[in-house]
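Novice: how would this look folded up:
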Amino acid sequence: MCEKKEKRTPIVVSSHDIQLDSNYVKWIYDVKQRFRNTQIKAAVKINSEQLLFNWQMGRDLVVRKAEDTWGAGIVEQVSLDLKNEFPETKGFSARNLWSMKKWYSFYSGAPEFGNQIQSLTQQLDLGSIKLNQIGAEIEEIINSEKLHQIGAEIRFPIVFGFVPWRHHVEIVNRCKTVEEALFYVRKTIEDGLSRSALIDILRADLYHNAGTAITNFSERLPAIQGKLAQQIIKDTYDLSFVSLPQGYDENALEDALEKNITQFLLELGTGFAFVGRQKEIVVSGKTRKIDMLFYHIRLRCYVVIELKASSFEPEFAGKLNFYVNAVNELIRTPNENPTIGLLICKDKNQTEVQWAFQGIQTPMGVASYDNIKLQEIQAQLPTVEQIQQRINQAEEEYRLSMQT
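Specialist: Coordinates of the predicted model:
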């Protein structure tokens, strides 16, 4: 009996036919991954070296009390001297130097900064392969610098090296406390946020809104998943990108969110993928439709979202419970985590929600929305041209009626 040969796929490279097998595929994948890691490490190393300089520059201005020592215009003078010495280098504007000073001052003035950084490092799991490798690069950069001690100097935190400089500037300018700032540092690292995405969540005040929705996640989900699920659900969703007429209903709200799905996904937060609107499920021969169905990548579960253009009513919880169970039975696969439900309504009463949740076994939460723009009445009225056209039409109809 002939031994079965491994199937090979021929491709053409530089006019030569070659045969590829599984060993080649595995090897070239490994090569690509190594190169990607090299790119990441190189980028982070460059970023970290620049950030270390910015940190030390800010430190010098603060610890040396530059303005008291050399006068109020010393930052502008430093800017001129550095620009003159390094004319091709960007980043030496007086404004940027002031940002460096503010950056260092913001964190060095916090008594618990060391403990907070240690806690953040543990939360980010620097023991993971990616963070461990890059973290070692940053540690090497810091250790290679012979930092001279100037008073009560604060050492550059390793985790800061994973965040671009302009992100740091936005965070320090918009946050009031170190705890709040480190929350956004963590989100930037974990979710790989672009600067625009970071600005979006800063404007949405995610620090104060995330994780505050009324849910039963802690009782109905495993500890780790329950904590993460709680963190991704907001108490109030900002739908200022939606414009609707007065007296709008759920269908109009769904339409608007579907048309602005990109903005809605940004408002929901990182990790949500849109599955569909009015998702049909058949239960006992009857067709039911889920308002909106999403999938959360990090939670590895479906998220059923029901929308209500009214205040919370206890019966809403029962309907959401039904849909969550239906998705678990009909759509969810065995290797996925339990589906969670989210009801978003105009407003809610905490006691009513908590009582409605009693006895329900499925994980769900209730949030509200605000800032929907109501279309102005003027926009719904006819224009001057339309009014004149109607007048002309009425006059023409009257003239014709007089002729008959």
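
Novice: drop to CA atoms for contacts and neighbour counts, all remaining ones
Specialist: Will do.

Novice: count of residues packed around Met364?
Specialist: Residues near Met364, counting by other C-alpha atoms under 10 Å, number 27.

Novice: and it, what pLDDT?
Specialist: At Met364, the pLDDT value in this model is 92.

Novice: who's it bridged to?
Specialist: Gly341 (DSSP bridges).

Novice: just the helices in the stretch 151-300 of the chain please.
Specialist: For the stretch 151-300 of the chain, the helices defined by DSSP state H, counting those that start in this stretch occupy 165-174, 178-191, 195-203, 206-209, 217-220, 223-232, 250-259, 261-268.

Novice: hmm, I typed the wrong one, I wanted the stretch 1-150 of the chain.
Specialist: Using DSSP H, counting those that start in this stretch, helices in the stretch 1-150 of the chain cover 22-63, 66-70, 74-85, 94-108, 113-124, 129-144.

Novice: can you state the direction angle for the fourth one and helix 22-63?
Specialist: Yep, that's helix 94-108 we're talking about. 90 degrees (axes from the mean of the first three to the mean of the last three C-alpha atoms, to 10 degrees).

Novice: which parts of helix 94-108 are buried?
Specialist: Residues 94, 96-108 are the ones in helix 94-108 that count as buried (16 or more other C-alpha atoms under 10 Å).

Novice: any regions of the stretch 1-150 of the chain where pLDDT drops low?
Specialist: For the stretch 1-150 of the chain, the stretches flagged by pLDDT under 70 are 1-21, 37, 40-44, 125-150.

Novice: that older thread, can I get the buried residues of helix 94-108 in JSON lines including distance to Gln33?
Specialist: Shown next, in JSON lines, are these (distance: C-alpha to C-alpha, whole Å):
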{"residue": "Ala94", "distance to Gln33": "41"}
{"residue": "Asn96", "distance to Gln33": "36"}
{"residue": "Leu97", "distance to Gln33": "38"}
{"residue": "Trp98", "distance to Gln33": "40"}
{"residue": "Ser99", "distance to Gln33": "36"}
{"residue": "Met100", "distance to Gln33": "35"}
{"residue": "Lys101", "distance to Gln33": "38"}
{"residue": "Lys102", "distance to Gln33": "38"}
{"residue": "Trp103", "distance to Gln33": "35"}
{"residue": "Tyr104", "distance to Gln33": "36"}
{"residue": "Ser105", "distance to Gln33": "39"}
{"residue": "Phe106", "distance to Gln33": "38"}
{"residue": "Tyr107", "distance to Gln33": "36"}
{"residue": "Ser108", "distance to Gln33": "38"}
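
Novice: neighbours around the nearest residue to Leu52 once chain neighbours are set aside, how many?
Specialist: Nearest non-adjacent residue to Leu52, counting by C-alpha to C-alpha, 6 or more residues apart in numbering: Phe156, 6.6 Å away. Applying other C-alpha under 10 Å, we find 19 residues neighbouring Phe156.
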